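1. Could you work out the structure for the sequence below:
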Amino acid sequence: MSDNEQPSAPAAVDEKKPASTAEADLTKYKTAADIIHGVTKKLIELAVEGAKVIDLCIEGDKLIEAGTASVYNKPVKGVKVSKGLAFPTSISVNNAVAHFSPLASDPQSEQVLAKDDVVKIQLGAHIDGFAAISAETIVVGATADAPATGRRADVVKAAWHAAELAMRTIKVGNKNWNVTEAVGNISSAWGCKPVEGMLSCNQTQNVIDGKKRIILNPSEAQKRDFDTVTFAEGEVYGMDVLISSGEDGKARLEESRTTIYQRDSTVTYQLKMKNSRAVFSEVQKKAGAFPFNIRSLEDEKRARMGLQEAVQHSLVKPYEVIFTPANTFVAGFHFTIALLPGGPSLITHPPVWYKPELVKTEKELEDENLKSILARNLRESKKSKKKKAKAEGEAEAKEE
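-> As a prediction, the model looks like this:
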């Protein structure tokens, strides 16, 4: 794609109702995924030395809105299909873990990308409430001739392998702790740790933070209190893999203003202040159940003030910007995956930027068991399933 070329609109969707509701829902998920794939490609082109972070965030949101506006325009039973942002574009650099998307009025709005920055790009779109969210990590200026090295390379390679392993571990019958353990194990091959307490959730229509959850690098208290869940057919998960080059994966709040929030539909409260009620009404109208950036609201200053009461009473939850210690790096990959009758199916596209030749590490994965899992296809082919069944049948016959 050239610098002035826009991401192409996804292929036209046949808006006649497919054979089943599940099939129709999957088509919506995949249409949203096609849109964010095109936007991510464009943002990676623009994420060069000297690029302003705020400009990338604004451009990402604008392109998502344009992409979703071009599909599903035929009303269903006289009702418009809702669509738009499922997660505002955030560009989190080096030791910023996630959710960094400044406002023009914020001091951090002047931040620009520098050579060798480790940059996490996260964004999401939805069609009719079916959301595809994706994130990937790039290293500014890295090429096959001059790849990223040192701890930058270690953390990106660890995160990419951890995401690939998580994809193969989220399968029917497995438990959330299987993913927690797998991601922790593989990260250690590059001397890295998952960021402590990061959550991933199951998704349904208009819900990206369902009750079935996966936790990475939990504290002792989190291990004790966290529910064990089993993955089941028909479920969709948004898996957020965030890996730190630090020793323990711990992160904390620093001087960075929260700009991304989300309405909590499980909480009810009658707001007292007139401004709070007006802002909350605008949030419901513009974002619905999905996260939003204050930037998308009519008056940023009024919105900040109005959201205070809503946050205080948990009507709206903040997506805080947290940081690992200085001189550490965080790499992240986020994918959306469906557990279908035929096996797991990746809804979002594979990362655009990552290639092994762009990150040169001295450490490599040596665990043969993990290597064999990574070598498998995400979904077993019918041929290999038959072969496996035949082998099991022969083994049973021998035992008799």
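2. just the helices in this structure please.
-> All helices of the chain, identified by DSSP state H, fall at 21-46, 53-69, 150-169, 176-187, 220-225, 274-286, 300-312, 368-375, 382-399.
3. Run the chain-centre distance for the first one.
-> I take that to be helix 21-46. The chain centre lies 12 Å from the centre of helix 21-46; the measure is Cα atoms, centre = their mean, to the nearest Å.
4. hang on, isn't Leu358 packed against Ala144?
-> Yes: with contact defined as Cβ atoms under 8 Å, Leu358 and Ala144 form a contacting pair (6.4 Å). Every residue, glycine included, has its C-beta placed from N, CA and C.
5. Settle it for me: which of the two has more neighbours?
-> A direct count of neighbours by other Cβ atoms under 10 Å for Leu358 and Ala144 places Leu358 higher, at 18 against 10.
6. ok, the more buried one - contacts?
-> 139, 142-144, 147-148 (Cβ atoms under 8 Å, 6 or more residues apart in numbering).
7. gap between Thr266 and Lys211?
-> From Thr266 across to Lys211, the span is 10 Å (Cβ to Cβ, to the nearest Å).
8. Between those two, tell me which one has more neighbours.
-> Taking neighbours as other Cβ under 10 Å, Thr266 and Lys211 compare with Lys211 leading, 10 against 7.
9. if I pick that one, what's in contact with it?
-> Lys211 touches 201-202, counting by Cβ under 8 Å, 6+ apart.
10. Need the phi and psi values for it.
-> The phi and psi torsions at Lys211 (degrees, to the nearest 10) take the values phi -80, psi -20.
11. Centroid-nearest residue for the protein?
-> The chain has His334 as the residue nearest its centroid, 3.3 Å off, counting by Cα atoms, centre = their mean.
12. That residue and Gly238 touch, don't they?
-> Yes: using Cβ under 8 Å, His334 is in contact with Gly238, at 6.7 Å.
13. shared neighbours of these two, anything?
-> Common contacts of His334 and Gly238 (Cβ under 8 Å, 6+ apart): Ile133.
14. So what's the residue count around Val364?
-> Let me fix one detail, which is that residue 364 is Glu and not Val. Neighbour tally, Glu364, other Cβ under 10 Å: 9.
15. Any stretches of the chain with poor pLDDT?
-> For the chain, the stretches with pLDDT under 70 are 1-20, 381-400.
16. which phi and psi does the spatially closest residue to Arg295 that is not a sequence neighbour have?
-> Among residues not flanking Arg295 along the chain, Leu103 sits closest, at 5.6 Å (Cβ to Cβ, 6 or more residues apart in numbering). Backbone geometry at Leu103, expressed as degrees, to the nearest 10, gives phi -90, psi 160.
17. quick one on the thing from earlier: what's the neighbour count on the closest residue to the residue nearest to the centre of the chain other than its chain neighbours?
-> Spatial nearest neighbour of His334, excluding adjacent residues (Cβ to Cβ, 6+ apart): Ala135 at 3.5 Å. Neighbourhood size, Ala135 [other Cβ under 10 Å]: 28.
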